[in-house]
Structure formats: structure tokens, C-alpha cells
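3D, please:
(one chain, ligands or ions: 2)
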Amino acid sequence: MKNTLDIFNLNLKAFGLDISDQALKLVELEKKKKNQIKIRCLNETSLKDDVIKRGVVLKPDVLASSIKELIKKTKGLNTKYVVLSLPEEKAFLQVITMPKMKEEELKNAVKYEAENYIPFSIEKMYLDCESTFSESKKDTQEVLLAALQKETVDSYLEVLDLAGLVPLVLETESQAITRSLISNRKDKSPRMIMDIGASRTIFIISAGATPRFSASIPLSGNVLTEAVSKTLKIDFKKADELKRNCGLKRKTDKEKEVFDALIPAMVDLTEQMKKHIEYYHDYAQEKGFAEKDIKEVLVCGGGGNLIDLDKFLSEQLNLPVKIGNPFVNIPNHKQFTENELSFTVAIGLALRGLEEHD
Ligand SMILES: Nc1ncnc2c1ncn2[C@@H]1O[C@H](COP(=O)(O)OP(=O)(O)OP(=O)(O)O)[C@@H](O)[C@H]1O
Ligand SMILES: [Mg+2]
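Residues are numbered from 1 along each chain as shown. Ligands and ions are numbered 1, 2, ... in the order given. Reported below is the predicted structural model:
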């Protein structure tokens, strides 16, 4: 029985496709001379309501048509092979401790161990695992376990098939995000990465470029807009514009009004961040890790554009908070879009597409 996400291992070039509830984003990268990476193409389109809800595909045929249309209008895209992200809210991702063994043996052994961690029937899940980083002991190793319900994965595979695409790799959003934002592969420091999207926020605790675990919460960019819309009694579109213009500034009366509308959700977000940061500290202490504390927070996703978000969070958490740079691994890139933070997942997927091609 095939029970893994590692679908093919061929030397093909592939583009990255990020399917969210409300938008499609694609990126294709290519390697030029001297191993320089260039963006071959980057594009996005919005999705109609109710095509996908909370990561569940409700209208596969409509989704497939939207993908086809996006591909058609994207100049330069020249491959049908794709690296696709699967929604974090449907994924289980955690580092687990396993006895030391070879990679091939690990794939099999992890199936039995996974039952102790995953609150679903293993038979209904696709599992993948990779042996990871620094904190390995003499007899044990740390292994990143990723699991997704077969039903979810199969629904996305059906859509790709309908769109005439071939999946090369499937991975969770958090795997793509860490690959995109972390440049120094040797730096294994613990970080918290937060992707604030339209419909959910993902928290990732990473050790360098590998996620250790992830969680997602419904507090999102659109929840912030709704807060402005409700408090100031204006429609969603106007509220979104006001949110983008004012952010968390507090100089003018209008900015103060918007700030007051945003603050309950911002406090909630900060509390949830603190909970995850403390959880990591306790976990690292229990495991006897050398680095027990989160060193910094990186923010991405469209919601990361909120003006003064980094300053606000940094004061609340007493930690360095930085806006992530999804192009940190693609130096000297030409700017393709204003909203680069929204493309963090798609860029991470495209980078994986390049690795597969090497
Ligand atoms: N300049 C800005 N200031 C504040 N928020 C912004 C800004 N630009 C975009 N956003 C917010 O970012 C959100 C969209 O982010 P993003 O494009 O990452 O979402 P998505 O990937 O489609 O959704 P998800 O990842 O939740 O499935 C929206 O809520 C939008 O209001
Ligand atoms: Mg997203």
C-alpha cells in the first residue's frame, strides 16, 4: 500500500502553485549561469466564493478551470509539472523522536510511531517523513512527520488532473514558507514564523529552514478587515482599504479609530503567539535542547503588510519581530509584484521545484 506523499522522484522542472480559499498564486523559477536564480514568471488570480472553504475543495471543476485560465494568461510558464502546497489547517506536522535507522527503514517504522501522535486513523492518512537536524542524540534522531488526510490530498490531485497538470511534489504550506524565508541553511536557531493570510494564520516553529511544528487559527487578515467594517459601520471593501492605509498607526483621528477597531483581534493574536512561544520553551526544556528560546519572529502572508505590525508585536512580545523576505534566496530579483509577502508559499514551492530539477 502506498502511504507516502513522496510521489515521484524525477528530474523535471516544475512551478509552484499555492491554492488558498480565495486565490491562486503561481511562481516558476529558473537557474541561470553561475547558479543565479531568476523568476521566470509570477502570477495570481482570485477565486470565487465557495470554490474552496477552509481548505476543502467544494467545486473541483471550477477550481480546475481557474487554474487553467491563470496558466493561459501567464507568459513564460513552460511546464505542466507542479509543486503544490496543501492547506496547513488540514495537515499534521511535528518533529518526533525515533531510534536511529536508515532513511528507507524510517519510512516504514514511522507508520507505527505516527499512531501515537496523530488523532486520526493512520489508514486514512498519507504520511511523509524526513530525518532532521541538530538535536540528534547518540541512539535517537529527530524526524519531521507530515501527515494529511487521503481524502484532502486526493481531492487536490483530482483538480490537478482536471487542469492537465502533473504533481511532482506535494507539501504543506509551512514547509514551503520556511524554505522561502530562511537563507542560512546552517543556522538552526528556533524561530517563530507567522503567515497571516486572508482566511487563516499559520504559526510555525522552525529550526533553521525546517519546521518543527505548525498550527493554524482562524484569526486572519479578513477577520481584521471585518473588525474595522463592524466597528466603523462601513462595508468590507472600504474597511479593507482603510486597514491597508492606516495599519496600526495612531497619529490622525481616523488612524486612532482604526487602531481601536483592530486592537481586540491584535491582542488575541498576541496571546496566541505567546502561548506557542511558551509551549516551545517548555518542549525544548523537556528535551534538553541547547537553544530553548525563540530567537525572533518572522511575519509573512498578505496580512504581514499591516503598517507597524512588526513594531506592535515586538513591543508586546519583547522579541525581535521582522517582516520576512520571501526573496531572500533569490538575490537581485526584479520586482514582479507589490504584494511580495502574499507569494511566500508559492516562492517556497518554486524553490522546491528547482531542487527537484538539479
Ligand atoms: N497592505 C496591507 N495591509 C494590511 N493587510 C493587507 C495588506 N495587503 C494585503 N493584506 C491582507 O492580506 C490578506 C491576504 O493575504 P494572502 O494573499 O497571503 O492570503 P491568501 O494566501 O489568499 O489566503 P490564506 O493563506 O489565508 O489561505 C487579506 O486579508 C488582505 O486584507
Ligand atoms: Mg496563503
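
off-centre distance for the helix or strand hosting Lys243?
Assigned by DSSP states H and E, Lys243 belongs to helix 236-246. Between the centre of helix 236-246 and the centre of its chain there are 25 Å (C-alpha atoms, centre = their mean, to the nearest Å).

residues of that helix that come out buried?
Using 16 or more other C-beta atoms under 10 Å as the test for burial, helix 236-246 gives Ala239, Asp240, Leu242, Lys243, Cys246. The way it works is simple: take the backbone N, C-alpha and C, and place the C-beta from them, glycine included.

who are the contact partners of the first one?
Each residue near Ala239 by C-beta atoms under 8 Å, 6 or more residues apart in numbering is listed here: Thr225, Glu226, Val228, Ser229, Leu232.

number of nearby residues for the residue of the chain found nearest ligand 2?
Using C-beta to the ion, Gly197 is the residue of the chain that sits closest to ligand 2, at 3.8 Å. Close neighbours of Gly197, defined as other C-beta atoms under 10 Å, add up to 26.

export the helix holding Lys243 as PDB, just CAs?
The C-alpha trace of helix 236-246 is given here as PDB (Å, rounded to 0.1, in the frame of the first residue of the first chain):
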ATOM      1  CA  PHE A 236     -15.900  45.300   3.700                       C
ATOM      2  CA  LYS A 237     -14.200  46.900   0.700                       C
ATOM      3  CA  LYS A 238     -13.900  50.300   2.300                       C
ATOM      4  CA  ALA A 239     -12.800  48.700   5.600                       C
ATOM      5  CA  ASP A 240     -10.000  46.800   3.800                       C
ATOM      6  CA  GLU A 241      -8.700  49.900   2.100                       C
ATOM      7  CA  LEU A 242      -8.800  51.800   5.400                       C
ATOM      8  CA  LYS A 243      -6.900  48.900   7.100                       C
ATOM      9  CA  ARG A 244      -4.200  49.000   4.400                       C
ATOM     10  CA  ASN A 245      -3.900  52.800   4.600                       C
ATOM     11  CA  CYS A 246      -3.900  53.200   8.400                       C
END
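
angles on the backbone of Tyr81, please.
Main-chain torsions, Tyr81, degrees, to the nearest 10: phi -90, psi 140.

got the residues of the stretch 101-250 of the chain near ligand 1?
For the stretch 101-250 of the chain, the contact set with ligand 1 under C-beta under 6 Å from any ligand atom comprises Gly197, Ala198, Ser199, Arg200, Ser220, Gly221, Asn222, Thr225, Asp240, Lys243, Arg244.

may I ask which two of the residues you listed are separated the most?
Using C-beta to C-beta, those reach their maximum pairwise distance at Arg200 and Arg244, which is 19.2 Å.

quick one on the thing from earlier: now the angle from whichever helix or strand comes after the helix holding Lys243 to helix 236-246?
Next helix or strand after helix 236-246 toward the C-terminus (DSSP H and E): helix 253-287. Counting by axes from the mean of the first three to the mean of the last three C-alpha atoms, to 10 degrees, helix 253-287 points 80 degrees away from the direction of helix 236-246.

helices and strands around helix 253-287, which ones?
Other helices and strands packing on helix 253-287, by 3 or more C-beta pairs under 8 Å, 6 or more residues apart in numbering; DSSP states H and E, are strand 190-196, strand 201-207, strand 210-217, helix 221-232, helix 236-246, helix 309-317.

can I get the ones you listed in a markdown table with distance to Pro119?
Shown next, in a markdown table, are those (distance: least, C-beta to C-beta, whole Å):
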| stretch | distance to Pro119 |
| --- | --- |
| strand 190-196 | 24 |
| strand 201-207 | 19 |
| strand 210-217 | 14 |
| helix 221-232 | 26 |
| helix 236-246 | 35 |
| helix 309-317 | 30 |
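
list the buried residues of the helix or strand hosting Ser66.
In this assignment (DSSP H and E), Ser66 forms part of helix 60-72. Neighbour counts over helix 60-72 (16+ other C-beta under 10 Å) mark Pro60, Val62, Leu63, Ala64, Ser66, Ile67, Leu70, Ile71 as buried.
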